[in-house]
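# Provide a 3D model corresponding to the input given below.
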Amino acid sequence: MHKSTVRSIALTAGAIAALTACADPISGDAQDDPPSPEQVAALFDTWNETLATGDPEAVADLYAPDAVLLPTVSNTVRTDRAGIVDYFTGFLPSKPSAVIEQSVVNVLDADNAIDTGVYRFTLSKPEATPETVDARYTFVYEKRDDKWLIVNHHSSEMPES
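Numbering: from 1, shown residues only. Purely as a prediction, here's the structure:
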């Protein structure tokens with residue numbers, strides 16, 4: 001059975017504090033209990049915060065070894081850790097920060113979930129005016145060895161931006 005929710009970018013301070021209090025926002029669930037849509041949505045926050053570290057290896061740690069990344073600002077499909085690290089090595093110097101404009105979370109079962117929607121990136125390149133990019137995204141998450149990993153991530157610039 002699918003559970004869906006639409007999330008806006010306005011979260012209460014209490015909700016943000018509760019979500020960020022745990023290193024793994026889905027930890028504590030029993031093995032067979034599916035995560036809540038809010039817990040799945042919090043995985044994006046972890047990804048976005050990891051982008052802010054500027055460390056491509058740390059970002060790649062959020063992806064499964066066999067993950068597929070269809071990135072926003074590259075025509076190359078990334079299908080392994082080395083490719084994902086390579087993408088973020090080139091992308092992170094622009095200091096990307098994303099804000100979700102619209103999100104639909106589907107919890108498939110205790111170990112699989114999808115977060116799809118629209119986000120707005122702000123890119124701050126050295127000696128340039130910050131640029132915003134609106135993009136569609138899909139994150140497919142799978143729980144492996146009690147850790148939620150991105151197994152598929154597609155991001156593409158909005159065609160009418």
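# what's the nearest residue to G90 if we skip its chain neighbours?
Among residues not flanking G90 along the chain, S74 sits closest, at 7.5 Å (CB to CB, 6 or more residues apart in numbering). Every residue, glycine included, has its C-beta placed from N, CA and C.
# helices of the chain, residue ranges please.
In the chain, the segments counted as helices under DSSP state H are 13-20, 37-51, 56-60, 81-91.
# okay, those in a markdown table with mean neighbour count next?
Output for the helices of the chain, formatted as a markdown table (neighbours: other CB atoms under 10 Å):
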| stretch | mean neighbour count |
| --- | --- |
| helix 13-20 | 12 |
| helix 37-51 | 20 |
| helix 56-60 | 19 |
| helix 81-91 | 18 |
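# between those helices, which one is closest to K147.
helix 37-51 (10.8 Å; CB to CB).
# okay, the angle between the closest one and helix 81-91?
70 degrees (axes from the mean of the first three to the mean of the last three CA atoms, to 10 degrees).
# and helix 37-51, what does it pack onto?
Helices and strands touching helix 37-51, by 3 or more CB pairs under 8 Å, 6 or more residues apart in numbering; DSSP states H and E, are strand 3-7, helix 13-20, helix 56-60, strand 97-109, strand 112-123, strand 131-144, strand 147-157.
# least trustworthy helix or strand in this structure by mean pLDDT?
helix 13-20 (a mean of 35; mean pLDDT, DSSP states H and E).
# quick one on the thing from earlier: thought the residue nearest to G90 was touching T89?
No: if you go by CB atoms under 8 Å, S74 and T89 don't touch, sitting 11.3 Å apart.
# which residues do the two both contact?
Between them, S74 and T89 share no contacting residue under CB atoms under 8 Å, 6 or more residues apart in numbering.
# about what we covered before: can you put the helices of the chain in CSV and add distance to A113?
Output for those, formatted as CSV (distance: least, CB to CB, whole Å):
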stretch, distance to A113
helix 13-20, 15
helix 37-51, 4
helix 56-60, 19
helix 81-91, 20
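# between those helices, which gets nearest to D109?
Closest among the helices of the chain, using CB to CB: helix 37-51, at 11.9 Å.
# now do the same contact list for the residue nearest the centre of the chain.
Computing the C-alpha centroid of the chain and ranking residues by CA atoms, centre = their mean puts F44 first, at 3.7 Å. By CB under 8 Å, 6+ apart, the contact set of F44 is 98, 100, 103, 115, 139.
# and with 7 Å instead?
Shown here is F44, whose contacts under the criterion CB atoms under 7 Å, 6 or more residues apart in numbering are 100, 115, 139.
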